[in-house]
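[1] Need coordinates for the below:
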Amino acid sequence: MGKTLYLECYSGISGDMTVAALLDLGADREVLEKTLGSLGVDGFRTEITRVKKSGLDACDFAVILDEAHENHDHDMEYLHGHLYERHGHDHGEHHEHSHSEHNEHHHGAEHHHVHEHRHGEEPHAHHHEHRGMKEIREILLSSSMTDRAKEIALSVFEILAAAEAKAHGVPVDQVHFHEVGAVDSIVDVAAAAVCLDNLDVTEVIVPKLCEGAGTVRCQHGILPVPVPAVANIVKQNHLNLQITNVEGELVTPTGAAIAAAVRTSDVLPDRFTIEKTGLGAGKRQYACPGFLRAMIIRPENTSGKYHCKTEEPYGKVDQEATGNSSDKDRIYRLETDIDDCTGEALGLTMEKLFAAGAREVHYTPVYMKKNRPAYELTVICTEEKIRQMEEVIFRETTTIGVRRIPMERTVLKRRQQNIQTPFGEAEAKICTLPDGREVCYPEYESVQSLAAEAGLGFQETYRQIQNSWDRER
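    Now for the predicted structure:
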């Protein structure tokens, strides 16, 4: 059963802060190092250190670029000189700028862990590789990242690309910009995806993003905070944004895109326990603490407000009900009939709907007017996900309308349990029926894995797991 992650973004969020917080939660550094080494990009190395932020011990993750890939985005005086001169801040502080999520090396910190990634000694003729989504997709898909990590990373980049396309007034497939295609952006996003997958995070709660105010300089000139890409990500993905009185840029496009891609809820449970806390350090000194706090929490469902437990936000979903044996709540069914969309487009639509938090997605063959063969797309989701689901449907298909149907449902109380069998350990759902009896439903992945190892059929393995559970009771 996956973990629930709460991101507390009171000091904003950025790519490197997210990676550092996840590492502090226990993400495997060796797995991260090996995976980053498989990326088809060169000219970088990563450093993981311990630093002090507001007197607290925090993890710091930095992507260090070689001379050929460096640019003025590292120059704090260039980015915020007009603000820092006015407020008397140190220009030597490195800063993470929203355009080209660049590294900020925390100088003077003790280096507890260093990863070197050098893929060539030849200097590059240009400071920026202008990569678009096609190149980004090829880099990620050809790496050793797991399928789930690749899906998370691709979702982040799709959100970034859509935001930049909106900001620059061009189609997504024509966006070629160093902001997203830069080496450090690729590394930050890939690292965040690898760490989320490694920690088995399946639900992410992001109540709000706290952003600063003022302006920031980039290659296009002086931009207001939040910068256009962040504003577009917030709008397009319905994130909750709070503007604070801190002068400076607290939320970067990469940070906002990560939050948008992995968020499954913006509401904390009424009661929960904290299993572990991680602090990810930022590289700036503002009026607020410069870190992202991440918590692995365990919801204690007593009110029924928060009983939708996502096991796999990019696929299947498990509903964990409250009450004695069952609970009632409301869910929505979205429907649309499509007769002029390719099978490839419909398949991709299903993937993106699951990635956006759909509870269920399926297609039903139908005949429409003029006897046209077509498919009825059905999406099951919670009320707060309706707008996000509809945006995916309108963007990825040719439909021009979606029907909404509210539905009441009864959900059995359930829990996850590991069961010892003669073939190894299996995961299962234990559901309580209205009459109080419990029923064991082994998880598909466990049945499939054990069946393959034992050389048995699926149904036989399924029954063996149930029998083992009966004997354990």
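[2] Return the set of buried residues in stretch 460-469.
    Using 16 or more other Cβ atoms under 10 Å as the burial criterion, the residues of stretch 460-469 that qualify are 461-462, 464-466, 468-469. Yep, even glycine has a C-beta here, placed from its N, CA and C like the rest.
[3] what do you get for stretch 40-54?
    41-51, 53.
[4] just the CA coordinates of the biggest strand by length in the chain, formatted as CSV?
    In the chain, taking DSSP state E as the definition, the longest strand is strand 403-421. Coordinates of each C-alpha in strand 403-421 appear next as CSV, following Å, rounded to 0.1, in the frame of the first residue of the first chain:
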residue,chain,number,x,y,z
ARG,A,403,-22.3,15.1,-19.6
ARG,A,404,-22.1,15.2,-15.8
ILE,A,405,-24.0,12.8,-13.6
PRO,A,406,-23.8,12.9,-9.8
MET,A,407,-24.1,9.5,-8.2
GLU,A,408,-24.5,8.3,-4.6
ARG,A,409,-22.5,5.2,-3.8
THR,A,410,-22.0,2.8,-0.9
VAL,A,411,-18.4,1.8,-0.1
LEU,A,412,-17.4,-1.2,2.0
LYS,A,413,-14.9,-0.6,4.8
ARG,A,414,-11.5,-2.1,3.8
ARG,A,415,-7.9,-2.4,4.8
GLN,A,416,-4.7,-3.6,3.2
GLN,A,417,-3.1,-6.7,4.6
ASN,A,418,0.1,-8.7,3.8
ILE,A,419,-0.5,-12.4,3.8
GLN,A,420,2.1,-15.1,4.1
THR,A,421,1.6,-17.9,1.6
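[5] buried stuff in the helix or strand that comes right after that strand?
    Next along the chain after strand 403-421, taking DSSP states H and E as the criterion, comes strand 424-432. By 16+ other Cβ under 10 Å, the buried positions in strand 424-432 come out as 426-432.
[6] Name the next helix or strand downstream of strand 424-432, please.
    Next along from strand 424-432, by DSSP H and E: strand 438-442.
[7] Can you tell me the strand partners of that next one and which way each runs?
    Its sheet considered, strand 438-442 pairs with strand 424-432 (antiparallel) by DSSP bridges.
[8] Mind listing residues that contact the partner strand?
    Identification of contacts with strand 424-432 by Cβ atoms under 8 Å, 6 or more residues apart in numbering yields 1, 318, 324-326, 412-419, 438-443, 445-447, 450, 453, 465, 468-469.
[9] Likewise for stretch 369-389?
    For stretch 369-389, contacts defined as Cβ under 8 Å, 6+ apart pick out 237-238, 265-266, 308, 330-339, 341, 346, 349, 353, 356-368, 393, 397, 399, 404, 406.
[10] now the residues you listed: which count as buried?
    Here, 16+ other Cβ under 10 Å leaves 237, 265, 308, 331-332, 334, 336-338, 341, 349, 353, 356-359, 361, 363, 393, 397, 399 buried among those.
[11] So which of those are in helices?
    Secondary structure from DSSP state H places 237, 349, 353, 393 of the buried ones among the contacts of stretch 369-389 in helices.
[12] Over the helix or strand harbouring residue 261, what's the mean pLDDT, rounded is fine.
    Secondary-structure assignment from DSSP H and E places residue 261 in helix 253-262. Averaging pLDDT along helix 253-262 gives 94.
[13] Toward the C-terminus, what is the element adjacent to it?
    strand 272-281.
[14] list the buried ones in that following strand?
    Neighbour counts over strand 272-281 (16+ other Cβ under 10 Å) mark 272, 278-281 as buried.
[15] Which two of the residues you listed have the greatest separation?
    Greatest spacing in the buried residues of strand 272-281, by Cβ to Cβ: 272 and 281 (24.9 Å).
[16] Which positions within the helix or strand residue 158 falls within qualify as buried?
    For residue 158, the host element (DSSP H and E) is helix 147-168. Using 16+ other Cβ under 10 Å as the test for burial, helix 147-168 gives 148-167.
[17] Then stretch 430-446?
    Quick answer for stretch 430-446 (16+ other Cβ under 10 Å): 430-432, 440, 442-443, 446.
[18] Adding pLDDT as columns, could you present the residues you listed in TSV?
    Formatted as TSV, these follow (pLDDT from 0 to 100):
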residue	pLDDT
430	92
431	92
432	90
440	93
442	93
443	93
446	89
